[in-house]
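*Asks:* Need coordinates for the following:
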Amino acid sequence: MSGSDAVLAVAHAGVFAVSLILIRIDIRDHRLPDAIVLPASLGLAALLALAAVTAGDAEPLGRAAAGGLGLFAFYFALRGLFPSGLGGGDVKLAALLGQLLGLHGWTDLAAGAAAAFVLGGIHATVMLATGRASRDTHIAFGPWMIVGAWAGLLA
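*Replies:* Numbers count the residues shown, from 1 in each chain. Next up, the predicted model:
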């Protein structure tokens, strides 16, 4: 395993660990703490920069940065259009997940972003159909963003 591969493995393991923590918190408390999301985003960016330097290839770093900024901008716009539908934590989480997905390519970014909405929609539909939720029930979306992102990488 090259030095760049080792750094990328650490980056993936770190995002995976943070993902598990954030899923638990968002399901329980309906929030995605800045104290976790922001350092994770910056840490991922730093690890990706180190991997780029180690590999001598900045193209994946640029794609990751564009993915992070792009998904952040998309969620920021959605929050502006539907303020009760998404929280600020979801918008910040999009930057982290966009970096991860963008690193792997545009197809993975699109698949991971779309999967979040498909999985979240299925969950909400089942909750409504079984009477476990109403139209006014707050359903955490962060877990679906995270599961969708990882599913996008596995697709």
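*Asks:* Now L32: closest residue in space, sequence neighbours ignored.
*Replies:* Excluding its sequence neighbours, the residue lying closest to L32 (CB to CB, 6 or more residues apart in numbering) is G89, at 3.0 Å. In short, each C-beta sits where N, CA and C put it, glycine included.
*Asks:* List the contacts of the residue positioned nearest the centre of the chain.
*Replies:* Nearest to the mean C-alpha position of the chain, by CA atoms, centre = their mean, lies L97 at 2.7 Å. Contact analysis of L97 by CB atoms under 8 Å, 6 or more residues apart in numbering lists L71, G112, M145, I146, A149.
*Asks:* Verify the contact between the third one and K92 for me.
*Replies:* No: proximity of M145 to K92 does not meet the contact threshold set by CB atoms under 8 Å, at 10.8 Å.
*Asks:* Which one of those two is surrounded by more residues?
*Replies:* M145 (30 against 21; other CB atoms under 10 Å).
*Asks:* so what's the more buried one up against?
*Replies:* M145 neighbours (CB under 8 Å, 6+ apart): D90, L93, A94, L97, A116, G120.
*Asks:* Okay, it and L119: tell me how far apart.
*Replies:* M145 is 9 Å from L119, where distance means CB to CB, to the nearest Å.
*Asks:* Same check on D34?
*Replies:* Going from D34 to L119 by CB to CB gives 24 Å.
*Asks:* And for G87?
*Replies:* Distance, G87 to L119, using CB to CB: 18 Å.
*Asks:* Count residues in the vicinity of P83, would you?
*Replies:* P83 is flanked by 10 other residues according to other CB under 10 Å.
*Asks:* Show me the shaky parts of this protein.
*Replies:* Applying pLDDT under 70 to the chain flags no residue at all.
*Asks:* Now the residue of the chain most remote from its centre, what are its backbone angles?
*Replies:* Going by CA atoms, centre = their mean, the residue of the chain most distant from its centre is G131, 28.9 Å out. Main-chain dihedrals, G131, degrees, to the nearest 10: phi 80, psi 10.
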